[in-house]
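[1] coordinates for the following, if possible.
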Amino acid sequence: MSVQIGEIEALFRYPVKSMRGEPLDAATLGWHGLDGDRRLAFRRLDDRGGFPWLTVRKLPDLILFTPQPREDGSGEALPTHVLTPEGKEMPLFGEALAAELGRRCGNPVQMMHLKHGIFDDASISVITSDTVHEVCRLAGRSADVRRFRPNIVVRSTRAMPFEEDEWLGGVLTFGEAEDAPALSVTMRDVRCAMVNIDPDDGSLDPEVLKAAVRANQNNVGIYGTVTRIGRLAVAQIIALHRQPRFFSSGIGRQRGAV
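    Prediction:
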């Protein structure tokens, strides 16, 4: 049993963890999320815990740094430089950028490249534009999907906020081909203070997270596990399937690849 729920409104990837995202017209969905998504991150050299990555929780200014897309025509190659908030371009793996971020956060940092990415909970996040609008409306702020840092934004046919909660346990497919890329909806996206950070100036606004808590117990969007790889593109049709066993062969392939 399946039902068409909408189409892809927008795609985003975040090459460097906690830095500005990159809007895409199309992207490859692999076993570990979108190609090039969160493959780079700065590690705090003084942190020997299980999560040593420098994020906006430690340095809100990090969201103002903009990775520069490669101009080699590939569309998905990892960036090699980053634009600072002051407009200066620096090599991502250069000593100058590491020193600048270390100065801002008060601790030495080092750029790391991880083949399968650095994710907090899951490799793919999905949200509807209606959910974004509702949370921002309740917070008294203009709607800005960048606060929620999704990979896939859905333009829903139902136009109902928090519709994503109803997808739990199902499978989303993208496009109308028989071998369309797919992901299993595994959990709700429980939000943190990241949504409070203005992506334009780095200022903090606690009303956004408070609105998420009031509206839907802090659940805004969903996470998914890739069950079939393929190509995503803006305007692709999205369908929700309630019989994930249909994708058993894909799931088996994913487990073998991990």
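
[2] P52 touches F42, doesn't it?
    No - the pair P52 / F42 is not scored as a contact, 9.4 Å apart, by C-beta atoms under 8 Å. For the C-beta atoms, the positions are set from N, CA and C on the backbone; glycine is no exception.

[3] settle it for me: which of these two has more neighbours?
    Just comparing P52 and F42: by other C-beta atoms under 10 Å the higher neighbour count belongs to F42, 28 against 16.

[4] the more buried one against E100, yeah?
    No - counting by C-beta under 8 Å, F42 sits too far from E100 to count as a contact (10.7 Å).

[5] name every strand pairing with the top strand by length along the chain and say which way it goes.
    In the chain, taking DSSP state E as the definition, the longest strand is strand 2-13. Sheet pairing of strand 2-13 (DSSP bridges) gives strand 22-24 (antiparallel), strand 152-156 (antiparallel), strand 237-241 (antiparallel).

[6] could you give the separation of the shortest one from the chain centroid?
    Relative to its chain's centre, strand 22-24 lies at 11 Å (C-alpha atoms, centre = their mean, to the nearest Å).

[7] where are the low-confidence patches of the stretch 51-200 of the chain?
    Along the stretch 51-200 of the chain, the model assigns pLDDT under 70 to residues 70-76.

[8] the same query, at a cut-off of 90, please.
    For the stretch 51-200 of the chain, the stretches with pLDDT under 90 are 51, 57, 69-77, 120-121.

[9] quick one, strands of it?
    In the stretch 51-200 of the chain, the strands defined using DSSP state E, counting those that start in this stretch lie at 66-68, 81-83, 89-91, 109-113, 124-128, 152-156, 171-174, 182-190.

[10] how about the third one: buried residues?
    Buried residues in strand 89-91, defined by neighbour count with 16 or more other C-beta atoms under 10 Å: M90.

[11] correct me, but E207 touches G140?
    Yes - look at E207 against G140 with C-beta under 8 Å: they come within range, at 6.4 Å.

[12] for L59, find the nearest of the strands of the stretch 51-200 of the chain.
    strand 109-113 (9.2 Å; C-beta to C-beta).

[13] sheet partners, orientation included, of the closest one?
    strand 40-44 (antiparallel).

[14] average pLDDT across the partner strand?
    Averaged across strand 40-44, pLDDT comes to 96.

[15] what's in contact with that strand?
    15-18, 52-54, 58, 67, 78, 92, 98, 101, 105, 107-114, 118 (C-beta atoms under 8 Å, 6 or more residues apart in numbering).

[16] go again with 10 Å.
    Here strand 40-44 makes contact (C-beta atoms under 10 Å, 6 or more residues apart in numbering) with 14-19, 51-55, 58-59, 62, 65, 67, 78-79, 82, 92-93, 97-98, 101-102, 105-114, 117-118.

[17] list the buried residues in that strand.
    40-44.

[18] what does stretch 196-207 give?
    By neighbour count on 16+ other C-beta under 10 Å, the buried set for stretch 196-207 is 196-198.

[19] N218: which of those is nearest?
    For the buried residues of stretch 196-207, the nearest to N218 is N196 (12.3 Å; C-beta to C-beta).

[20] wait, what's in contact with the closest one?
    The contact partners of N196, taken as C-beta under 10 Å, 6+ apart, are 56, 60, 139, 147, 203-210, 212.
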